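Visitor: starting from these lines, generate the structure:
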Amino acid sequence: MARTARRVALAPEAAERMRASRSVIEELVADGATVYGVTTGFGDLANVRIEPGQVAELQRNLVRSHTAGVGEPLPVAVVRAMLLLRANALAIGLSGVRPELAELLCAMLAASIHPVIPSRGSVGASGDLAPLAHLAAVLIGEGYADTPSGPMSGGDALRAAGLAPVELGAKEGLALLNGTQLMTGIAALVCHDGRRLAESADVIGAMSLEAMEGTAVAFDEGLIGARPHAGQVAAAAHLRALLAGSEIGTSHADSEHRLQDAYSLRCMPQVHGAVRDALDQLERVLAVEMNAATDNPLVLDGRVVSGGNFHGEPAALAIDYVKIALTELASISERRTARLVDAHLSGLPAFLSDEPGLRSGMMILQYTAAAAVNELQTLAHPSSVDTIPTSANQEDHVSMGATGAVHLWEVADRVETVLAIEALCAAQGLDFRAPMRPGDGVARAHARLRDLVPHVAEDRSPAPDIAAARGLLRSGDLLAAANQA
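Guide: Coordinates of the predicted model:
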């Protein structure tokens, strides 16, 4: 879905909190105290003492040494989420850094200075270290950034926007790198889009139900209320609303046309609803994680306390849950598509073709959906069940939440493709049911899709049709049309 940029700024009270915790760090450095990451090395080098005159060099070296990311760069939407979430974590005022760091992050957002951040390299404990190091490199005038004027070095990007790089002080490099902002940023974006996908699946599933002359009896309010999971109740109510006013449904309501539909149709509230519930759980985790201090050590009431708030396990487990849930959304969708193109099951022309045999119709669209679901079954494997120790076994258990998050981004993309394919096949099936009218919501969704994609009367490349249907899903237009009062 298209996202609207909003200007953000550091609140005065947040700046005051940051200055108070910063003064504690500066006093400790002045007193020569031994504080992890402030006057010591990092990880297994925590026992190496750093002299006060080397504090700035220590932080700069930390950022430089950790820019070890590899792979394709993260999308701009994810980078912007990371900038915002990192600024918000610092603004809590427990990290012991100057307000200038959060202010520069906000200024970079306003100027569309987007650090080039490779997508791989984080193990999700001690935070998303490598990705956040690539972000932090631009703040100190190094690394690379995409800007409205094109890609350039971090220093040039800041200068072009009238901004100056920061000279890192004690702990400030560590505070920029410790955190879960990659996994949290991706998870927040997919949580938003996942809700749209789950509700769109109701719309598309209702289109398929009508195309195959299914029955809505399984969505009965009393039946659903006998097992009142919140997501199931919401999905069933949505389906009932979409199917209201259906001539197709009433045409066989009093007959023994079909007492029960296949599970992919009958159990939509249970499956689509469970996906909603998984997204609710992810949102609960994110509401805490996005507003938490996730670096180490933290400044608490004048004390500097070392701990493990950077460990990504809470987010990693919720991310894996949603990866599995969204994959199920695609899995049940592909089964409905398979039924639509199978004349033995659908009661429709073979492969939804006007002239089966001479024309293959929509046969191969189901192949594409099947291939995507196969890929999803690999992507959905939980990343959090694995751990590979790092930093000479000092960091001997890690969450792998960043891997899960990158896979989650890809899962959402593949699910959108599978749902778009079902929408195309369901719309074709509905064409064959004319002049009988489907439910009001289904009819509106069908008409909106037909605004962009005409009936497949003669074989043509389906690829542009899939892209058009994906666009309707991503923009939310299909869902909005179906839900229009």
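
Visitor: going forward, measure contacts between C-alpha atoms and count neighbours the same way
Guide: Fine.

Visitor: just want the most central residue of this protein.
Guide: For the chain, the residue lying nearest the average C-alpha position, counting by Cα atoms, centre = their mean, turns out to be residue 190 (2.0 Å).

Visitor: buried ones in the lowest-mean-pLDDT helix or strand in the chain?
Guide: Sorting the helices and strands of the chain by mean pLDDT, DSSP states H and E puts helix 247-251 at the bottom, at a mean of 88. For helix 247-251, burial by neighbour count (16 or more other Cα atoms under 10 Å) applies to 247, 248, 249.

Visitor: re earlier: mind giving me the packing neighbours of the helix or strand harbouring the residue nearest to the centre of the chain?
Guide: Secondary-structure assignment from DSSP states H and E places residue 190 in helix 181-211. Packing contacts for helix 181-211, counted by 3 or more Cα pairs under 8 Å, 6 or more residues apart in numbering; DSSP states H and E, involve helix 76-91, helix 129-139, helix 230-243, helix 268-289, helix 313-341, helix 401-433, helix 440-452, helix 477-483.

Visitor: what's the fourth one packed up against?
Guide: By that I understand helix 268-289. Judged by 3+ Cα pairs under 8 Å, 6+ apart, helix 268-289 is in contact with helix 181-211, helix 230-243, helix 313-341.

Visitor: residue 141 reaches residue 165, doesn't it?
Guide: Yes: the pair residue 141 / residue 165 is scored as a contact, 5.1 Å apart, by Cα atoms under 8 Å.

Visitor: quick check: residue 128 vs residue 182, distance?
Guide: To residue 182, residue 128 is 6 Å away according to Cα to Cα, to the nearest Å.

Visitor: looking at these two, which has the bigger crowd around it?
Guide: More crowded of residue 128 and residue 182, by other Cα atoms under 10 Å: residue 182, with 31 against 27.

Visitor: rewinding a little: helix or strand right after the least confident helix or strand of the chain?
Guide: helix 263-266.

Visitor: pull the CA atoms of that following helix into CSV?
Guide: Output in CSV follows, covering the C-alpha atoms of helix 263-266 (Å, rounded to 0.1, in the frame of the first residue of the first chain):
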residue,chain,number,x,y,z
TYR,A,263,-12.8,-27.0,3.7
SER,A,264,-11.1,-24.2,1.6
LEU,A,265,-14.5,-22.6,1.3
ARG,A,266,-16.3,-23.8,4.4
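
Visitor: what's it in contact with?
Guide: The contact list for helix 263-266, computed with Cα atoms under 8 Å, 6 or more residues apart in numbering, reads 205, 209, 214, 216, 218, 219, 260, 332, 333, 335, 336.

Visitor: let's see it at 7 Å
Guide: 209, 218, 332, 335, 336 (Cα atoms under 7 Å, 6 or more residues apart in numbering).

Visitor: export these to TSV and tack on pLDDT, distance to residue 313 and neighbour count?
Guide: Shown next, in TSV, are the contacts of helix 263-266 (pLDDT from 0 to 100; distance: Cα to Cα, whole Å; neighbours: other Cα atoms under 10 Å):
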residue	pLDDT	distance to residue 313	neighbour count
209	98	40	28
218	96	38	19
332	98	29	23
335	98	33	18
336	98	35	26
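
Visitor: hmm, which two among these are most spread apart?
Guide: Farthest pair in the contacts of helix 263-266 (Cα to Cα) is 218 and 335. Separation: 18.0 Å.

Visitor: where does pLDDT dip in the protein?
Guide: 1-5, 43-44, 46, 252-258, 485 (pLDDT under 70).

Visitor: that older thread, okay, and the common contacts of residue 141 and residue 165?
Guide: residue 155.

Visitor: on that earlier part again, give me the common contacts of residue 128 and residue 182.
Guide: By Cα under 7 Å, 6+ apart, the residues touching both residue 128 and residue 182 are residue 402.

Visitor: looking at the buried residues of helix 247-251, spot the one nearest residue 462.
Guide: Distances from residue 462 to these, taken by Cα to Cα, are shortest for residue 248, at 27.4 Å.

Visitor: please tell me how far that closest one sits from residue 438.
Guide: 5 Å.

Visitor: list the residues that contact both of these two?
Guide: residue 210.

Visitor: chain neighbours aside, what residue packs nearest to residue 55?
Guide: Among residues not flanking residue 55 along the chain, residue 170 sits closest, at 5.5 Å (Cα to Cα, 6 or more residues apart in numbering).

Visitor: re the thing from before, can you put the helices and strands packed on helix 268-289 in JSON lines and add distance to residue 55?
Guide: Listed next are the helices and strands packed on helix 268-289 as JSON lines, based on distance: least, Cα to Cα, whole Å:
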{"stretch": "helix 181-211", "distance to residue 55": "25"}
{"stretch": "helix 230-243", "distance to residue 55": "52"}
{"stretch": "helix 313-341", "distance to residue 55": "31"}
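
Visitor: quick one: closest of those helices to residue 291.
Guide: helix 181-211 (10.6 Å).

Visitor: past the closest one, which element shows up next along the chain?
Guide: Downstream of helix 181-211 (by DSSP H and E), the next one is helix 221-225.

Visitor: and that next one, which residues are buried?
Guide: residue 224.

Visitor: repeat for stretch 227-241
Guide: 229, 231, 232, 233, 234, 235, 236, 237, 238, 239, 240, 241.

Visitor: what sits up against it?
Guide: Against stretch 227-241 from outside (Cα under 7 Å, 6+ apart): 202, 206, 219, 224, 225, 269, 270, 272, 273, 274, 276, 277.

Visitor: redo those as JSON lines? Include distance to residue 42.
Guide: Formatted as JSON lines, the contacts of stretch 227-241 follow (distance: Cα to Cα, whole Å):
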{"residue": "202", "distance to residue 42": "50"}
{"residue": "206", "distance to residue 42": "56"}
{"residue": "219", "distance to residue 42": "57"}
{"residue": "224", "distance to residue 42": "55"}
{"residue": "225", "distance to residue 42": "55"}
{"residue": "269", "distance to residue 42": "50"}
{"residue": "270", "distance to residue 42": "49"}
{"residue": "272", "distance to residue 42": "46"}
{"residue": "273", "distance to residue 42": "45"}
{"residue": "274", "distance to residue 42": "43"}
{"residue": "276", "distance to residue 42": "41"}
{"residue": "277", "distance to residue 42": "40"}
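
Visitor: could you flag which of those are buried?
Guide: So, by 16+ other Cα under 10 Å, the buried ones in these are 202, 206, 219, 224, 269, 270, 272, 273, 274, 276, 277.
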